[in-house]
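In: Turn this into a model:
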Amino acid sequence: MTRAYVALGSNLDDPSQQVRQALEALASLADTQLLQRSRFYLTPPWGIIEQPSFVNAVAELDTALAPHALLDALLDIEQRAGRVRGERNGPRTLDLDLLHVEGVQISDKRLTLPHPRMVERAFVLLPLHDVAPDLALPGNVTVAQRLQQLDLAGIERLP
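Out: Numbers count the residues shown, from 1 in each chain. Next up, the predicted model:
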């Protein structure tokens with residue numbers, strides 16, 4: 001079994017419910033156990049700002065799935081949630097990003113691990129901090145250290 005971290009986000013069709021259902025789907029994946037999840041955060045849109053705010057979270061998994069098989073499972077969960085891949089950084093019912101798989105570095109057409117842009121995004125690192133504050137990130141910093149360098153303006157923890 002290998003530790004893996006998945007970012008979850010939604011800003012359409014009851015975003016909190018979309019994220020809750022995605023967590024349930026992650027928990028039911030074959031050869032995978034949901035170890036813990038972060039709190040939910042309401043975050044301003046990133047990239048295209050003329051869209052609703054997002055609900056973001058992170059899941060910590062223990063999985064026997066290989067990284068590409070896990071990616072395929074995430075894409076299937078997105079599709080079942082009605083994800084339509086339109087405008088990059090645009091609104092979506094569900095977005096699942098594989099952030100990190102313990103001991104794995106990959107860079108191919110389908111997958112880059114660790115996720116290349118997670119260190120820039122407070123909406124990823126804040127929920128990741130809930131489950132793995134000491135996780136080592138690219139650049140030889142931990143989640144906690146990198147989070148101190150990011151602007152958290154506009155992010156709200158949801159009840």
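In: how much space is there between the most far-flung residue of the chain relative to its centre and Glu24?
Out: No residue in the chain sits farther from the centre than Glu50, which is 21.5 Å out by Cα atoms, centre = their mean. From Glu50 across to Glu24, the span is 31 Å (Cβ to Cβ, to the nearest Å). All C-beta atoms are positioned from the backbone trio N, CA, C, and that covers glycine.
In: Could you find the closest non-adjacent residue to Leu96?
Out: Leu74 (4.1 Å; Cβ to Cβ, 6 or more residues apart in numbering).
In: and the one you found, how far is that from Ser53?
Out: 22 Å.
In: got a list of what the residue farthest from the centre of the chain touches?
Out: Glu50 makes contact with no residue under the criterion Cβ atoms under 8 Å, 6 or more residues apart in numbering.
In: swap the cut-off to 10 Å and go again
Out: Shown in contact with Glu50 (Cβ atoms under 10 Å, 6 or more residues apart in numbering): 90-91.
In: Likewise for the one 4 residues further on?
Out: Under the criterion of Cβ under 10 Å, 6+ apart, the neighbours of Phe54 are 8-12, 15, 19, 41-46, 91-92, 95, 123, 155.
In: what's around Pro114, how many residues?
Out: By other Cβ atoms under 10 Å, 19 other residues sit near Pro114.
In: How about Ser10?
Out: Close neighbours of Ser10, defined as other Cβ under 10 Å, add up to 28.
In: for Pro159, same thing?
Out: Burial of Pro159 is recorded as 5 neighbouring residues (other Cβ under 10 Å).
In: got a pLDDT number for Arg92?
Out: With respect to pLDDT, Arg92 scores 90.
In: Quick check: it is in a helix.
Out: No. In this structure, Arg92 is coil, not part of a helix, as judged by DSSP: H, G, I helix; E, B strand; the rest coil.
In: who's in contact with it?
Out: Shown in contact with Arg92 (Cβ under 10 Å, 6+ apart): 9-13, 15, 18, 51, 54, 78, 81-86.
In: what element comes up after the helix or strand where Ala59 lies heading to the C-terminus?
Out: Assessed by DSSP states H and E, Ala59 sits inside strand 54-63. Moving toward the C-terminus from strand 54-63, the next helix or strand (DSSP H and E) is helix 67-80.
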